[in-house]
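>>> structure of the sequence below:
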Amino acid sequence: MENPNKQEKRLDNEYQKKIIERKKKFLEDFKTENSVFDKKTQLALFGLLNANHVDEYLGIINSGKESIVFLAVKDNKYCAVKVYRVSTCDFKTMWKYIQGDPRFHLRKSSTRQIIHAWVDKEYRNLLRANKYVNSSKAILKRDNVMLMELVGDGDIPAPRLKDYNGDIDYSKLYNTIVEDLKILYNDAQIVHGDLSEYNILIKDNEPVYIDFSQGVVIQHPLSKSLLIRDIKNVCNYFIKKGVSCNYKELFKYITGEELRPIEEELAIGY
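Prediction:
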């Protein structure tokens, strides 16, 4: 009969060997399909798998210049894994949004530190938004990788407002978005910063907000300028749908203040 200590050591060695083999296979397969990711990113993705945060990566939902979103599954529930591409991100733009945020005290040093702060910022923005409005639910972050609940029906992602073809009352939808913007500003005390028909999903005829990476707290020196930009984008879209909208009145409704020309000018150049 095998000594209990020796048996435990043998089983531990076998387990470690399986982990190493699984890791090696994952990295080989993933590198073949996504050669744009560096080794650290691949290890972060493997870490989610190895720690049982996800059971399997199923494919790509969306791919852009600065990030790629994967469909994954955990316990038969679908989720989204957003990965920022370290090699192609616009670090100068990222730095502008991070620099004025009182939550961060990052020195402009390595690009990877900026990326990590950027992901942390979106994660924290989502946690705030999740408490007040329909938004993609943040689960956890690792380096330049963020895990979220999938907004959709089963494994089918919800469509963007831009692409939505179903019957919908645009006046009602507009009013809902306006109220959500007011709640985000006054209660969550954040501004989305990049809101448009591209970053609003439609699920059950209701808006769900995504992509909060450019979001800022209202203490940010340019929060009102970014809010103006968001409001203008919303108004421009809904005017095309026949909804009456005045962005200056909307700004006052949300903030309780008159729109200042200097803030509108900053919004154009930011």
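>>> from now on I want contacts and neighbour counts done on CA atoms only, so please keep to that.
Noted.
>>> tell me where the model's unsure across the stretch 51-200 of the chain.
88, 108-109 (pLDDT under 70).
>>> tell me where it has strands.
56-63, 67-74, 77-84, 138-142, 145-149, 152-153, 156-157, 190-191, 200-203 (DSSP state E, counting those that start in this stretch).
>>> how about residues contacting the fourth one?
Think strand 138-142. Outside strand 138-142, the residues that touch it by Cα atoms under 8 Å, 6 or more residues apart in numbering are 44, 119, 120, 123, 126, 127, 130, 146, 147, 148, 149.
>>> just the CA coordinates for it, please, in PDB.
What follows is strand 138-142, C-alpha atoms only, in PDB (Å, rounded to 0.1, in the frame of the first residue of the first chain):
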ATOM      1  CA  ALA A 138     -18.700  43.900 -14.500                       C
ATOM      2  CA  ILE A 139     -17.400  40.700 -12.900                       C
ATOM      3  CA  LEU A 140     -13.700  41.000 -12.600                       C
ATOM      4  CA  LYS A 141     -10.500  42.300 -14.300                       C
ATOM      5  CA  ARG A 142      -7.000  40.900 -14.800                       C
END
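>>> that older thread, could you single out the most deeply buried of the strands of the stretch 51-200 of the chain?
strand 190-191 (a mean of 28; mean count of other Cα atoms under 10 Å).
>>> and that one, what does it pack onto?
strand 216-217, helix 223-240 (3 or more Cα pairs under 8 Å, 6 or more residues apart in numbering; DSSP states H and E).
>>> tell me which strands that strand pairs with, and in which orientation.
strand 216-217 (antiparallel) (DSSP bridges).
>>> can you spell out the domain ranges of the chain, please?
Split into domains by automatic domain parsing, the chain comes to 1-33, 37-153, 158-269.
>>> what's across from residue 138 in the sheet?
Assigned bridge partners for residue 138, using DSSP bridges, are residue 148.
>>> related to what we said a few turns ago, which of the helices and strands packed on strand 190-191 is buried the deepest?
strand 216-217 (a mean of 24).
>>> which other residues reach it?
97, 101, 125, 189, 190, 191, 192, 193, 223.
>>> repeat the analysis, applying 6 Å as the threshold.
189, 190, 191 (Cα atoms under 6 Å, 6 or more residues apart in numbering).
>>> can you add distance to residue 112 and give those residues back as TSV?
Shown next, in TSV, are the contacts of strand 216-217 (distance: Cα to Cα, whole Å):
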residue	distance to residue 112
189	28
190	25
191	25
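>>> what is the nearest of the residues you listed to residue 159?
Ranked by distance to residue 159 (Cα to Cα), the contacts of strand 216-217 are led by residue 191 at 22.6 Å.
>>> give the contact list for the closest one.
By Cα under 6 Å, 6+ apart, the neighbours of residue 191 are 185, 215, 216, 227.
>>> how much space between it and residue 122?
12 Å (Cα to Cα, to the nearest Å).
>>> which two from the contacts of residue 191 end up farthest apart in space?
185 and 215 (11.0 Å).
>>> so which of those two has more stuff around it?
Using other Cα atoms under 10 Å as the criterion, residue 185 and residue 215 rank with residue 215 on top: 25 against 20.
>>> isn't the more buried one up against residue 194?
No - the criterion here is Cα atoms under 6 Å, and residue 215 misses it with residue 194 at 7.2 Å.
>>> give me the phi and psi angles of residue 65.
phi -60, psi -40 (degrees, to the nearest 10).
>>> so what's the residue count around it?
The burial count for residue 65: 11, using other Cα under 10 Å.
>>> can you pull the contacts of it?
Residue 65 touches nothing, counting by Cα under 6 Å, 6+ apart.
>>> what pLDDT does residue 43 get?
Per-residue pLDDT puts residue 43 at 85.
>>> residues making contact with whichever strand or helix holds it?
Applying DSSP states H and E as the criterion places residue 43 in helix 39-50. Residues outside helix 39-50 that contact it (Cα under 6 Å, 6+ apart) are 54, 55.
>>> where do the helices of the stretch 51-200 of the chain begin and end?
Secondary structure of the stretch 51-200 of the chain (DSSP state H, counting those that start in this stretch): helices at 91-99, 111-130, 170-183.
>>> closest to residue 268 out of those helices?
helix 91-99 (14.5 Å).
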